[in-house]
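A.B. asks: Need a 3D model of the sequence below.
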Amino acid sequence: MSKKKQTEATEAEQKAAEQAADAAEQQAASAETAAQPDDEWKAKFDELNDRYLRMAAEYDNFRKRSQREREQAYTDAVSRAVTALLPTYDNLERAIKVETADAEYKKGVEMTMTQLTESLKGLNVTVIEASAGTTFDPNFHNAVMHVEDESLGENVIAEVFQQGFQIGDKVIRHAMVKVAN
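C.D. replies: This is a model prediction of the structure:
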């Protein structure tokens, strides 16, 4: 055999030996991976599952918080708009209480008041219950005067000066009242 052919044969044998060694290393590596205990896989699964559950909980909290913020923003906007309209409500209420000879004028004022009241109801704005004889509640009423009246019990509203309004649980304006002691 010629030296050239012997060198080529030797090189071919070396390449085959290297390929066999690489294949053996790959088999050994895959055998090590396959030989890893199930506890490691379970630990990895538990860790990833925990991360997933935490992320899902964070997203749910974010969604709920965003919803509350949107509702609060709506309530605040309606509250500001209604606060701007309340002086008009008060003036119409005073105008209805005044005696007038013109029946048509009085009817027009009453219709305007009815329309304003219906508009407020459409915005879910309610009048705070405050009338003579009801119990005073500092969460909804603002006592501007106290009167000694034995016919009324203690902490009972004697007179209402200005109606209060609320939207849901939020008080827009407290009712201004006179309270009996």
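A.B. asks: V144 falls within a strand, correct?
C.D. replies: Yes. Assessed by DSSP: H, G, I helix; E, B strand; the rest coil, V144 belongs to a strand.
A.B. asks: tell me the contacts of it?
C.D. replies: F161, M176, V177, K178 (C-beta atoms under 8 Å, 6 or more residues apart in numbering). Where you see a C-beta, it was placed from the backbone N, CA and C, and this is true even at glycine.
A.B. asks: H174 now?
C.D. replies: Applying C-beta under 8 Å, 6+ apart, the residues near H174 are I128, F140, H141, N142, G164.
A.B. asks: which one among the residues you listed gets closest to D102?
C.D. replies: Looking at the contacts of H174 and their distance to D102, the nearest is G164, at 30.9 Å (C-beta to C-beta).
A.B. asks: Distance of the closest one relative to A16?
C.D. replies: 96 Å (C-beta to C-beta, to the nearest Å).
A.B. asks: repeat for H146
C.D. replies: Per C-beta to C-beta, H146 is found 109 Å from A16.
A.B. asks: how is this protein carved up into domains?
C.D. replies: 41-123, 125-181 (automatic domain parsing).
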